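Colleague: Sequence and predicted structure are below.
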Amino acid sequence: MLMRNAMLLAVAAALSMLPMISAGAAVAAPAPAAAQAKVLTPKATIDTLDAALLKAMQGGSKMGYQGRYAVVSPVVRKVYDFDRIASLTLGSHWSKLTTAQQKEFVSVLADYTAATYAARFDNYKGEHFAVVNSETMQPGTEGVFSTLTMRNGKVHRFDYLLQQQDGQWRIVNVVADGVSDLSLKRSEYDETIKTKGFPALIAHLKAQTAHYASGKN
């Protein structure tokens, strides 16, 4: 646990050095009072995601890919901060994109993420999720440590880094079994843009999303 905490703390420190960047130039209007009352805690945010994934797993092949996607997609879009993730994964390339390109990338990244979940969490054999711990890494940044226990007893670890923006807690990174999703994406996307260009990255993500939709993992 100490090693995983140190990993998330290092990521949190790095994120704190970067500005909050939105994919759109417009400033969002204040949320209605009723919506503000429904702000989830970091733990509840992860519980919400886990519940959707479990529902998709239990639906399995009977629900089909499209059914599972319909379950996870709205939740994924709610609990992830794709504007923030997009700017972090593209790094210096982000500011070179037009506003339209930024919005396109955020949309494609959200579709790709939901498709990945719908494709991979496709069957249920008694697995269960559990949030082990939640702790403040620094003001406005929370680490939530969770597990997925398989039927055979094998435990997978999912450590989430969440940041608070506009009063809402949203995921900006996932460390799955010790591997940072943000780091993987940043390395892969940077290489693709440098060697093939931004349109190639968009095409690649759309192709992978279509690949998942076809029932291939």
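Modeller: Nice, thanks for sending it over. Everything numeric in this text was worked out from a predicted model, so none of it was measured.

Colleague: going forward, measure contacts between C-alpha atoms and count neighbours the same way
Modeller: Noted.

Colleague: Not counting its own residues, what contacts stretch 65-80?
Modeller: Applying Cα atoms under 8 Å, 6 or more residues apart in numbering, the external contacts of stretch 65-80 come out as 45-46, 48-49, 52-53, 55-57, 59-60, 110-111, 113-115, 117-119, 122, 169-172, 213, 215.

Colleague: switch the cut-off to 7 Å
Modeller: Contacting residues not belonging to stretch 65-80 are listed as 45, 49, 52-53, 56, 110, 114-115, 118-119, 170-172, 213, 215 [Cα atoms under 7 Å, 6 or more residues apart in numbering].

Colleague: Mind listing the residues bridging to the most centrally placed residue in the chain?
Modeller: In the chain, the centroid-proximal residue (Cα atoms, centre = their mean) is residue 80; its distance is 4.8 Å. Counting by DSSP bridges, residue 80 is bridged to residue 171.

Colleague: and which of the contacts of stretch 65-80 is nearest residue 207?
Modeller: residue 213 (9.8 Å; Cα to Cα).

Colleague: give me every residue that touches that closest one.
Modeller: Neighbour list for residue 213: residue 65 [criterion: Cα under 7 Å, 6+ apart].

Colleague: Would you point out the helix or strand in the chain whose mean pLDDT is lowest?
Modeller: One helix or strand of the chain scores below all others by mean pLDDT, DSSP states H and E: helix 33-36, with a mean of 46.

Colleague: For the chain, which segments count as strands?
Modeller: Taking DSSP state E, the strands of the chain run over residues 128-138, 141-149, 155-165, 168-176, 179-180.

Colleague: Just checking: what are the partner strands of the third one?
Modeller: Spelled out, it's strand 155-165. strand 141-149 (antiparallel), strand 168-176 (antiparallel).

Colleague: Give me the mean pLDDT for that strand.
Modeller: Throughout strand 155-165, pLDDT has a mean value of 95.

Colleague: quick one: buried residues of it?
Modeller: Neighbour-count burial for strand 155-165 flags 155, 157-164 (criterion: 16 or more other Cα atoms under 10 Å).

Colleague: returning to that earlier point: please, a ChimeraX command that selects the buried ones among the contacts of stretch 65-80?
Modeller: Filtering the contacts of stretch 65-80 down to the buried ones (16+ other Cα under 10 Å) takes a single ChimeraX command:
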select :45,49,52,53,56,110,114,115,118,119,170,171,172,213
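
Colleague: Out of the contacts of stretch 65-80, list just those in helices.
Modeller: Counting by DSSP state H, these place 45, 49, 52-53, 56, 110, 114-115, 118-119, 213 in helices.

Colleague: returning to what we had before: reformat the strands paired with strand 155-165 as TSV; add distance to residue 197.
Modeller: Formatted as TSV, those follow (distance: least, Cα to Cα, whole Å):
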stretch	distance to residue 197
strand 141-149	33
strand 168-176	24
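
Colleague: could you dump the ones in helices among the contacts of stretch 65-80 to CSV with pLDDT?
Modeller: As requested, the ones in helices among the contacts of stretch 65-80 are exported to CSV (pLDDT from 0 to 100):
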residue, pLDDT
45, 97
49, 98
52, 98
53, 98
56, 98
110, 98
114, 98
115, 98
118, 97
119, 97
213, 94
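
Colleague: Which one of the residues you listed is nearest to residue 145?
Modeller: For the ones in helices among the contacts of stretch 65-80, the nearest to residue 145 is residue 45 (12.1 Å; Cα to Cα).

Colleague: got the contact list for residue 181?
Modeller: By Cα under 7 Å, 6+ apart, residue 181 lies in contact with 173-175.
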